[in-house]
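A.B. asks: Below: sequence and its predicted model.
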Amino acid sequence: MGLHKRSMPDLTIEPEDMPQQHGHPMLYKVIEHSVYERGSVLEGLPKRTYVDSFLSIEAATAAHPTAEV
């Protein structure tokens with residue numbers, strides 16, 4: 001069992017889930033997409049891992065140029 005091919009890119013840049021509140025700036029997070037490894041109870045299922053956050057899309061794409069926005 002397992003997913004051998006994914007339609008998602010390896011990295012994506014997404015806005016933070018929480019809306020801007022109390023003067024906090026909008027943040028953009030970089031997420032790595034993979035599959036849970038063998039031996040995990042979630043083996044073969046899609047896995048999303050937080051990598052980093054940035055204050056702008058430009059900064060995020062500069063740090064991770066292969067990520068899909």
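C.D. replies: The structure has been received and is ready for your questions. Everything numeric here is computed off the predicted structure, so don't read it as measured data.
A.B. asks: Report pLDDT for the residue most central in space within the chain.
C.D. replies: By C-alpha atoms, centre = their mean, the chain has its centre lying nearest to Ile31, at 1.2 Å. Note on Ile31: pLDDT of 97.
A.B. asks: and for the helix or strand containing it, what are the contacting residues?
C.D. replies: Applying DSSP states H and E as the criterion places Ile31 in strand 28-35. Contacts of strand 28-35 with the rest of the structure, by C-beta atoms under 8 Å, 6 or more residues apart in numbering, involve 2-3, 6, 8-16, 44-57, 59-60, 63-64, 67. The way it works is simple: take the backbone N, C-alpha and C, and place the C-beta from them, glycine included.
A.B. asks: Repeat the analysis, applying 6 Å as the threshold.
C.D. replies: Applying C-beta atoms under 6 Å, 6 or more residues apart in numbering, the contact partners of strand 28-35 are 3, 8, 10-16, 47-49, 51-54, 57, 60, 64, 67.
A.B. asks: Identify those among those that sit within strands.
C.D. replies: Leu11, Thr12, Ile13, Glu14, Pro15, Lys47, Arg48, Thr49, Val51, Asp52, Ser53, Phe54 (DSSP state E).
A.B. asks: Got a quick PyMOL command for the buried subset of the residues you listed?
C.D. replies: Selecting only the buried entries of those in PyMOL, with 16 or more other C-beta atoms under 10 Å as the criterion:
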select buried, resi 11+12+13+54
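A.B. asks: Distance to Arg38 added to the ones in strands among the contacts of strand 28-35, as CSV?
C.D. replies: CSV is the format used below for the ones in strands among the contacts of strand 28-35 (distance: C-beta to C-beta, whole Å):
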residue, distance to Arg38
Leu11, 23
Thr12, 24
Ile13, 29
Glu14, 28
Pro15, 33
Lys47, 13
Arg48, 19
Thr49, 17
Val51, 23
Asp52, 27
Ser53, 30
Phe54, 33
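A.B. asks: Good, wrapping up.
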